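Novice: With the sequence up front, the predicted model follows.
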Amino acid sequence: MTPRQVLVWIFFWPVLLFVAAPRWVPFMARMVLDMLTKVTVWRVAFLNLLQHRRRLMVLGSSVAFVTIIMMTLLGIAEAMNRTLVESSTTLMSGHVNVSGFYKVTAGQAAPVVTRYKNVVDVIKKTVPEHTYIVQRGRGWAKIISDSGTNKMFGLTGIDVKSETGLASVLKIKEGKIEALEKPGTIMLFEDQARDLEVKVGDGLTIQAPTPRGVNNTLDVTVVAIAQNMGMMSQFSSFINEKSLRQLYQLNDDATGALQVYMPTTDLAVLRKTQDKLREALTAGGYLMMEEDPRAFFFKFENVTREAWTGQKLDITNWKDEVNFVAWTVDLMNFLSFFIAIVFMGVVGVGIMIVMWISIRERTREIGTLRAIGMQRPMVCATFLAEGSLLGLTSTVAGAVLAVGLAAIINGANITLPPGFQFILMSDHLNVFPTVLWTVVAVGFITSVITAISLIPSAIAAQLKPVTAMQHVG
């Protein structure tokens with residue numbers, strides 16, 4: 001659920017209510033109009049809250065606590081998303097990728113783009129706003145250590161000199177990433193090095209089939225070991241570009257993927273860029289694969305089943321290439337709202353009970369107001385404004401505290417256990433409550449509190465003046 005979707009839900013739930021119960025439309029419309037335009041409604045609501053300060057503190061603290069929990073979880077999700085974007089666009093993908101498969105025979109596919117320099121020319125003409133373009137080799141191979149242990153994972157062939165952003169994202173624990181300039185070198189992540197039982201300076205043997213189906217081997221030396229980066233560091237390692245070409249017996253005019261970096265990471269903009277590139281490449285005579293928003297290694301099975309041979313290009317964005325881990329961010333957002341709704345269910349019961357008590361205490365007052373001419377919509381608006389005011393002030397206070405808590409957590413630089421590093425894609429706990437998510441949290445919780453207040457408010461408005469004035473508290 002994105003912030004925009006939540007905001008749409010918040011501001012349009014009254015419309016859904018009107019559609020569900022059309023006979024209430026005139027009453028609800030008049031009530032909302034009174035609540036928005038009459039200062040007296042808010043003044044009475046404010047004074048009544050002040051009159052019951054102890055009740056206000058208890059309920060307000062509960063709502064503020066829910067806000068803090070929700071904003072902290074959303075802040076963690078935002079930190080995960082930022083890490084995901086930064087890591088994916090450095091380790092595995094560009095903002096937009098032009099990749100593809102080359103098939104010598106119908107059942108043998110390799111993640112290769114042939115004559116990639118011609119494709120680069122098309123990209124530059126079609127997307128002049130790009131920042132830069134990087135070509136990287138792609139592979140999937142068995143890595144065998146001298147101890148006899150082996151592991152299957154991805155190989156990314158890079159030219160370190162052209163990879164300006166890689167060193168700033170990777171945290172090297174042993175060795176130097178600059179050593180990847182030499183042929184026959186490889187960089188692993190901590191878990192990979194541990195599983196293979198190797199350290200910097202040790203040798204490895206890589207075994208992989210070439211695009212023509214012939215098995216080939218290559219001896220390499222570990223020159224760097226980087227700190228884990230969550231899920232993504234489990235599936236990929238970096239190897240010298242020339243060594244990858246040697247392993248797969250590729251010429252200098254073939255590569256694995258062209259990663260196009262853009263001034264923005266906005267997916268709506270990137271998808272428009274993908275459409276432009278698809279049209280331009282099709283017009284240039286290139287065969288295109290059907291749109292498939294998955295990482296390239298998930299597409300092997302489908303590609304090998306298809307009957308075509310030769311070259312087909314594929315266009316993806318950064319989220320497509322990391323969709324196997326992107327779900328964790330969506331899950332964290334979902335959990336934020338789910339936990340908030342559960343807490344709000346408990347707090348909501350308390351708010352309804354308190355408003356019932358308030359209505360009972362003020363029954364004679366309501367009768368008097370009705371007797372001197374106050375209409376039912378305005379009576380309902382007064383109690384609804386009380387719930388809205390309680391929700392708004394409490395959530396704003398909770399939001400301020402949540403921002404302060406986030407600053408404390410970020411400043412404390414809390415190291416996460418390995419299991420949490422794998423899920424949160426970071427070695428430290430980070431919380432980034434953005435302005436947009438803050439507005440969403442405040443709006444969502446205030447909206448829920450207002451909706452909860454609607455039932456007792458409507459019942460208060462239905463009291464008959466004579467009955468209410470005769471009520472004995």
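Specialist: Noted; the coordinates are in hand.

Novice: For the residue lying closest to Glu181 once chain neighbours are set aside, give me its contacts.
Specialist: The shortest distance from Glu181 to any non-neighbouring residue, by CB to CB, 6 or more residues apart in numbering, is to Val160 (5.3 Å). In short, each C-beta sits where N, CA and C put it, glycine included. By CB atoms under 8 Å, 6 or more residues apart in numbering, the residues touching Val160 are 166, 177-178, 180-181.

Novice: Which entries within those residues meet the buried criterion?
Specialist: The neighbour count (16 or more other CB atoms under 10 Å) marks 166, 177, 180 as buried among those.

Novice: need those residues in a markdown table with pLDDT and distance to Glu241, can you?
Specialist: Formatted as a markdown table, the buried ones among the contacts of Val160 follow (pLDDT from 0 to 100; distance: CB to CB, whole Å):
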| residue | pLDDT | distance to Glu241 |
| --- | --- | --- |
| Leu166 | 77 | 13 |
| Ile177 | 86 | 14 |
| Leu180 | 88 | 9 |
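
Novice: which one of the residues you listed sits closest to Leu244?
Specialist: Minimum distance to Leu244 across the buried ones among the contacts of Val160 is 11.1 Å, recorded for Leu180 (CB to CB).

Novice: Any figure for the gap between that closest one and Gly157?
Specialist: Separation of Leu180 from Gly157 (CB to CB, to the nearest Å): 10 Å.

Novice: which neighbours do those two share?
Specialist: 238-240.

Novice: Of those residues, which belong to strands?
Specialist: 238-240 (DSSP state E).

Novice: Using CSV, please lay out these together with neighbour count.
Specialist: What follows is those, written out as CSV (neighbours: other CB atoms under 10 Å):
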residue, neighbour count
Phe238, 27
Ile239, 27
Asn240, 24
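
Novice: Make TSV from these and add pLDDT and distance to Phe46 to it.
Specialist: Output for these, formatted as TSV (pLDDT from 0 to 100; distance: CB to CB, whole Å):
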residue	pLDDT	distance to Phe46
Phe238	90	62
Ile239	90	67
Asn240	89	69
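
Novice: among the buried ones among the contacts of Val160, which are in helices?
Specialist: Per DSSP state H, helices hold the following members of the buried ones among the contacts of Val160: Leu166.

Novice: Going by distance to Val200, which of the contacts of Val160 wins?
Specialist: For the contacts of Val160, the closest approach to Val200 (CB to CB) belongs to Ile177, at 11.4 Å.

Novice: re earlier: kindly state the pLDDT recorded for the residue nearest to Glu181?
Specialist: At Val160, the pLDDT value in this model is 84.

Novice: and the gap between it and Ala167?
Specialist: Distance from Val160 to Ala167, counting by CB to CB: 8 Å.

Novice: which residues are common contacts for those two?
Specialist: Residues touching both Val160 and Ala167 by CB under 8 Å, 6+ apart: Ile177.

Novice: closest to Val127 among the buried ones among the contacts of Val160?
Specialist: Nearest to Val127 out of the buried ones among the contacts of Val160 is Leu166 (CB to CB; 22.2 Å).

Novice: For the residue lying closest to Gly203 once chain neighbours are set aside, list each beta-bridge partner.
Specialist: Of all residues not flanking Gly203 in the chain, Thr221 sits nearest, at 5.6 Å (CB to CB, 6+ apart). Applying DSSP bridges to Thr221 gives these bridge partners: Thr185, Gly203.

Novice: got the contact list for Thr221?
Specialist: 184-186, 201-204.

Novice: Now that we have these, which of them are buried?
Specialist: Neighbour-count burial (16+ other CB under 10 Å) applied to the contacts of Thr221 gives 185-186, 204.

Novice: Where does the nearest residue to Val322 once chain neighbours are set aside fall, secondary structure wise?
Specialist: The shortest distance from Val322 to any non-neighbouring residue, by CB to CB, 6+ apart, is to Ser88 (4.3 Å). Element membership of Ser88 [criterion: DSSP states H and E] is helix 53-91.

Novice: Walk me through which strands the next helix or strand after that helix pairs with, and which way each runs.
Specialist: Sequence-wise, the next helix or strand downstream of helix 53-91 (DSSP H and E) is strand 96-105. With DSSP bridges as the test, strand 96-105 is paired with strand 108-110 (antiparallel), strand 257-261 (antiparallel), strand 310-317 (antiparallel).

Novice: Make CSV from these and add mean pLDDT, mean neighbour count and distance to Ile445 to it.
Specialist: Output for the strands paired with strand 96-105, formatted as CSV (pLDDT from 0 to 100; neighbours: other CB atoms under 10 Å; distance: least, CB to CB, whole Å):
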stretch, mean pLDDT, mean neighbour count, distance to Ile445
strand 108-110, 81, 21, 51
strand 257-261, 90, 23, 38
strand 310-317, 90, 20, 33
